[in-house]
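Engineer: give me the fold of what follows.
(one chain, ligands or ions: 1)
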Amino acid sequence: MQRVFSGIQPTGVPTLGNYLGAIRNWVPMQDDHECIFCVVDLHALTVWQEPKGFGAQTREMAAALLACGLDPQKCTLFVQSHVHAHARLAWIFNCVARLGWLNRMTQFKDKAGKDREAVSSGLYVYPNLMAADIHAYHAVKVPVGDDQKQHLELANDIAQKFNHDYGVEFFPTITPLIQGVAARVMSLRDGTKKMSKSDASDASRINLTDTADEIAQKIRRAKTDPEPLPDHVSGLEDRPEARNLVGILAAITDSMPENVLREHGGKGFGAFKEVLTEALVAHLSPIREEMARLLQDHGALDAALRLGADRAAAIADPIVTEAERIVGFLPR
Ligand code: TRP
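Structural biologist: Numbering: from 1, shown residues only. Here you go, the predicted structure:
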């Protein structure tokens, strides 16, 4: 079985965007791959995290992943900071990756904005840590959103340079599994912006913890345009909000936008939003309830994460120890 690695940051309550764009695609992979899924708290720390809530947020993300269908019997689920191999290999990769490579990373430019001098140096070397996450397991497949594609190319460049500089064939080439743009969920307030758990406006997103009433209210208030829905997907061009809502209904009902429009084309948004709300509530309520149940019993959840970390470390420690031997560190 091929080894798969992916990670998600515990920077807030997971959204419908995280669910449709990432988590939901991980679930079926558990059956035919050796899957390793990681709540990447080291990555989250690249921007300020309030220490009081950070641990709880990490636990909440783990609960969400389990509630969405990750199964500790079938995959390895753990917290990044619990497995020291990540930080050890990231340091080696900091010394392999070139500044010029990092300077090309568009996500850093976006996140740093005008304030380049004020962001943490962790944010800058974030892609090196991400490469370490994957290569510490010799994982070969990585499911991610298309915004992470450039980081995976960098991870391959790092592996190649390491192998070349040290004259080894140690780190394999990784294949990105880019989640379709169709699964890209946009903000409910602005159809050109990605739905984000860190957006200032809670009305811009559906959280996996939202109640049926909250979902109904957010969908009712979601930005639209005055036209009725088109009969065909070509009519969604230049209508980002309409396209987003149609895309969400298609994704949540395992359908395609063309099928949604065949059924609902010509309807006004009032009627369409009722259909959408009903589908979302039906799909998300069991997840919310399971998440609440898991969070009631920290003890069991934390024990599952410890077990996951033990399993992850058993794979990553020997690989990273070998990388340390290859670079020539004095063995302890
Ligand atoms: N950077 C990824 C994101 O924000 C999260 C991530 C961290 C990740 N390490 C990873 C994804 C390793 C895939 C593999 O979405």
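
Engineer: which positions in the protein make contact with the ligand?
Structural biologist: Counting by C-beta under 6 Å from any ligand atom, the positions of the chain adjacent to the ligand are 5-9, 40, 43, 130, 133-134, 142, 144, 148. (C-beta placed from N, C-alpha, C; glycine too.)

Engineer: tabulate these (a markdown table), appending secondary structure and neighbour count.
Structural biologist: Formatted as a markdown table, the residues of the chain next to the ligand follow (DSSP: H, G, I helix; E, B strand; the rest coil; neighbours: other C-beta atoms under 10 Å):
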| residue | secondary structure | neighbour count |
| --- | --- | --- |
| Phe5 | strand | 25 |
| Ser6 | strand | 23 |
| Gly7 | strand | 22 |
| Ile8 | strand | 22 |
| Gln9 | coil | 23 |
| Val40 | coil | 24 |
| His43 | helix | 23 |
| Met130 | helix | 26 |
| Asp133 | helix | 26 |
| Ile134 | helix | 30 |
| Val142 | strand | 22 |
| Val144 | strand | 20 |
| Gln148 | helix | 21 |
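
Engineer: now, which of those residues sits nearest Arg189?
Structural biologist: Within the residues of the chain next to the ligand, proximity to Arg189 (C-beta to C-beta) peaks at Gln9, which comes in at 21.8 Å.

Engineer: where does that closest one fall, phi/psi-wise?
Structural biologist: The phi and psi values for Gln9, taken as degrees, to the nearest 10, are phi -80, psi 140.

Engineer: hang on, isn't it packed against Leu45?
Structural biologist: No. Between Gln9 and Leu45 there is no contact under C-beta atoms under 8 Å: 9.6 Å.

Engineer: now stretch 319-332: average pLDDT?
Structural biologist: The predicted model assigns stretch 319-332 a mean pLDDT of 97.

Engineer: over to stretch 66-78?
Structural biologist: 97.

Engineer: may I have it exported as CSV, CA atoms only?
Structural biologist: This file holds the C-alpha atoms of stretch 66-78, laid out as CSV (Å, rounded to 0.1, in the frame of the first residue of the first chain):
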residue,chain,number,x,y,z
LEU,A,66,-12.6,11.7,13.7
ALA,A,67,-16.3,12.9,13.5
CYS,A,68,-15.9,13.3,9.7
GLY,A,69,-14.9,9.7,9.4
LEU,A,70,-11.2,9.2,10.0
ASP,A,71,-10.8,6.0,11.9
PRO,A,72,-7.9,5.4,14.2
GLN,A,73,-8.1,1.7,13.3
LYS,A,74,-7.5,2.5,9.7
CYS,A,75,-5.2,5.5,9.7
THR,A,76,-2.6,7.1,11.9
LEU,A,77,-3.9,10.4,13.4
PHE,A,78,-1.7,12.5,15.6
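
Engineer: rewinding a little: mind putting the residues of the chain next to the ligand in CSV, distance to Ala212 and pLDDT included?
Structural biologist: Converted to CSV, the residues of the chain next to the ligand look like this (distance: C-beta to C-beta, whole Å; pLDDT from 0 to 100):
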residue, distance to Ala212, pLDDT
Phe5, 35, 98
Ser6, 30, 98
Gly7, 30, 97
Ile8, 25, 96
Gln9, 27, 96
Val40, 31, 98
His43, 32, 98
Met130, 36, 98
Asp133, 36, 98
Ile134, 38, 98
Val142, 35, 97
Val144, 31, 93
Gln148, 32, 94
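
Engineer: I'd like these written out as JSON lines, with distance to Arg311 added.
Structural biologist: Compiled in JSON lines, these are given as follows (distance: C-beta to C-beta, whole Å):
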{"residue": "Phe5", "distance to Arg311": "13"}
{"residue": "Ser6", "distance to Arg311": "16"}
{"residue": "Gly7", "distance to Arg311": "16"}
{"residue": "Ile8", "distance to Arg311": "18"}
{"residue": "Gln9", "distance to Arg311": "21"}
{"residue": "Val40", "distance to Arg311": "17"}
{"residue": "His43", "distance to Arg311": "21"}
{"residue": "Met130", "distance to Arg311": "21"}
{"residue": "Asp133", "distance to Arg311": "15"}
{"residue": "Ile134", "distance to Arg311": "17"}
{"residue": "Val142", "distance to Arg311": "19"}
{"residue": "Val144", "distance to Arg311": "22"}
{"residue": "Gln148", "distance to Arg311": "24"}
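
Engineer: tell me the contacts of the one residue in the stretch 151-300 of the chain that gets nearest to the ligand?
Structural biologist: When scored by C-beta to the nearest ligand atom, the stretch 151-300 of the chain has His151 as its residue closest to the ligand, at 6.2 Å. Residues near His151 by C-beta atoms under 8 Å, 6 or more residues apart in numbering: Met105, Gln107, Pro127, Met130, Ala131, Val144.

Engineer: closest one of the residues you listed to Ala85?
Structural biologist: Nearest member of these to Ala85, counting by C-beta to C-beta, is Ala131, at 13.0 Å.

Engineer: leaving out chain neighbours, which residue sits closest to Asp302?
Structural biologist: The shortest distance from Asp302 to any non-neighbouring residue, by C-beta to C-beta, 6 or more residues apart in numbering, is to Arg59 (7.1 Å).
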